[in-house]
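*Asks:* my questions are about this predicted structure, shown below with the sequence.
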Amino acid sequence: MFNRLRTIVPGRIRQSYAAKFAIIVVMLALSVAVIGGAATALMSDQVEQGVAADFEATATGDAQAVDNWLKTSAVDVRTVVDDRRVNAVIEQGPNELNEDETDDLESYLSSFTSDRDGPTTLQKVHIVDTTSNEVVFSSRSADSGETFDAEEVGWLQEPQFDRRNVDISHPYEAEGAGGMGTSDSYQAIAFSQDVSNDLRVVAVHDLESIGSVILSGSENAEYSDSYTMVVDMENTITMYDTDLGSAVGESYPVDSPALSAARELPARTTSESQLVDAEHVPATGVGAGEEHLVGYAPINARDDPYADGEWVVMVHAPSDQAFGFANALKTYGAFATAGGVLLIGII
């Protein structure tokens, strides 16, 4: 075997110790470069996969939180519907209550809205006459007796979907300051249930403040520019956990590949993530104008009969920030590998 190798190796190399040593050094340098490069690439890939998994887990957790909020808010409406004072309105009619009964009902609606544990987004509760669109009783006394146009409020329009037999409206602009705002209007969403042929119980929530209450995408200290948005089936941003929900009511980029992929997922247990270019990131988001890592999940549970629509959760962060450690690992790994090769060359 060695005799065959001797016939292959040129005589000048066989007769020169320097040439043989040089070949060995080159082989060592190449080995260090290949092993160092492969190890660096493997470690950085594992770090990137870990970051992507974290974003997917955040999307799944926030999707669960949104679904829980929808269900809890629907239960609130059913709680009001089942109350004895509301039943009295249903049985007797709104015009048949005496003054004490009316005061008792309005006091109940007011306390139901205000006396709640922890942060809340519930703004007001109405009992509405659907034949005239008049608010006959309300937790907000200024709204009692008001008549609304069907185009002005979401609770008089076709609902987006329902939870626990309670209709959930499209987002709409409501009059008055919301729970965390000071302007004359805010983005709202209404939960409603018909309780008779002409009466409906309506609960109005402030969408601009809810993102900071239930979403967690901006709470990761490692990613100062991370944020989460919830997007409805019409590509409208319904929740935003940053800057008091300033982007709520605006459109999410409809050509975003991440949004399209999120629509295809059957349930929140199958969350995914991907890199998207700057033009596919909302201009109102933190760190706009940069490539982003986006994790996403639908709010639907696997057994949800409405799994073909509804809302999706999108967790964002600039890719340079999300993969900062992985990029640093690549840089230091490249320097370490180059240093090893250089050291061998010096030897």
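*Replies:* Alright, I've got the coordinates.

*Asks:* pick out the residue nearest the middle of the chain.
*Replies:* The centroid of the chain falls nearest to residue 313 when counting by Cα atoms, centre = their mean (3.2 Å).

*Asks:* return the helix or strand containing that residue as PDB; C-alpha atoms alone will do.
*Replies:* Taking DSSP states H and E as the definition, residue 313 sits inside strand 312-318. This file holds the C-alpha atoms of strand 312-318, laid out as PDB (Å, rounded to 0.1, in the frame of the first residue of the first chain):
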ATOM      1  CA  VAL A 312     -54.500  35.100  14.200                       C
ATOM      2  CA  VAL A 313     -51.700  36.200  16.600                       C
ATOM      3  CA  MET A 314     -48.500  37.600  15.100                       C
ATOM      4  CA  VAL A 315     -45.300  38.100  17.300                       C
ATOM      5  CA  HIS A 316     -42.600  40.300  15.800                       C
ATOM      6  CA  ALA A 317     -39.000  41.400  16.400                       C
ATOM      7  CA  PRO A 318     -36.300  42.700  14.000                       C
END
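
*Asks:* give me the contacts around that strand.
*Replies:* Contacts to strand 312-318, defined as Cβ atoms under 8 Å, 6 or more residues apart in numbering, come from residues 55, 58-59, 62-63, 66, 215, 217, 220, 223, 225-231, 252, 258-259, 262-263, 265, 268, 281, 285-287, 290-299. For glycine as for every other residue, the C-beta is placed from the backbone atoms N, C-alpha and C.

*Asks:* so where is the stretch 151-300 of the chain shaky, pLDDT-wise?
*Replies:* Applying pLDDT under 70 to the stretch 151-300 of the chain flags the ranges 176-183, 217-223, 285-288.

*Asks:* let me see the ranges of the helices in it.
*Replies:* For the stretch 151-300 of the chain, applying DSSP state H, counting those that start in this stretch gives helices covering 207-214, 257-264.

*Asks:* and of these, who's closest to residue 188?
*Replies:* helix 207-214 (6.0 Å; Cβ to Cβ).

*Asks:* A strand includes residue 137, no?
*Replies:* Yes: under DSSP: H, G, I helix; E, B strand; the rest coil, residue 137 sits within a strand.

*Asks:* give me the distance between it and residue 91.
*Replies:* 14 Å (Cβ to Cβ, to the nearest Å).

*Asks:* which one's more surrounded, the two?
*Replies:* residue 137 (25 against 9; other Cβ atoms under 10 Å).

*Asks:* grab the nearest non-local neighbour of the more buried one.
*Replies:* Computed as Cβ to Cβ, 6 or more residues apart in numbering, the closest residue to residue 137 that is not its neighbour in sequence is residue 127, at 4.3 Å.

*Asks:* same question, residue 73
*Replies:* residue 191 (5.1 Å).

*Asks:* do the same with residue 166
*Replies:* Nearest one to residue 166, counting by Cβ to Cβ, 6+ apart, is residue 74 at 3.8 Å.

*Asks:* and for residue 153?
*Replies:* residue 172 (6.1 Å).

*Asks:* which residues touch that neighbour?
*Replies:* Counting by Cβ under 8 Å, 6+ apart, residue 172 makes contact with 152, 153, 154, 157, 187, 188, 189, 190.

*Asks:* any of the residues you listed buried? List them.
*Replies:* 153, 154, 187, 188, 189, 190 (16 or more other Cβ atoms under 10 Å).

*Asks:* before we move on, the earlier item: the inter-axis angle of the strand holding residue 313 versus helix 257-264?
*Replies:* Strand 312-318 runs at 150 degrees relative to helix 257-264, counting by axes from the mean of the first three to the mean of the last three Cα atoms, to 10 degrees.

*Asks:* show me how far strand 312-318 is from its chain's centre.
*Replies:* Strand 312-318 sits 6 Å away from the centroid of its parent chain (Cα atoms, centre = their mean, to the nearest Å).

*Asks:* my read: the residue nearest to residue 73 touches residue 205, true?
*Replies:* Yes: contact criterion Cβ atoms under 8 Å: residue 191 and residue 205 qualify, at 7.2 Å.

*Asks:* tell me which of these two has more neighbours.
*Replies:* Using other Cβ under 10 Å as the criterion, residue 191 and residue 205 rank with residue 191 on top: 29 against 25.
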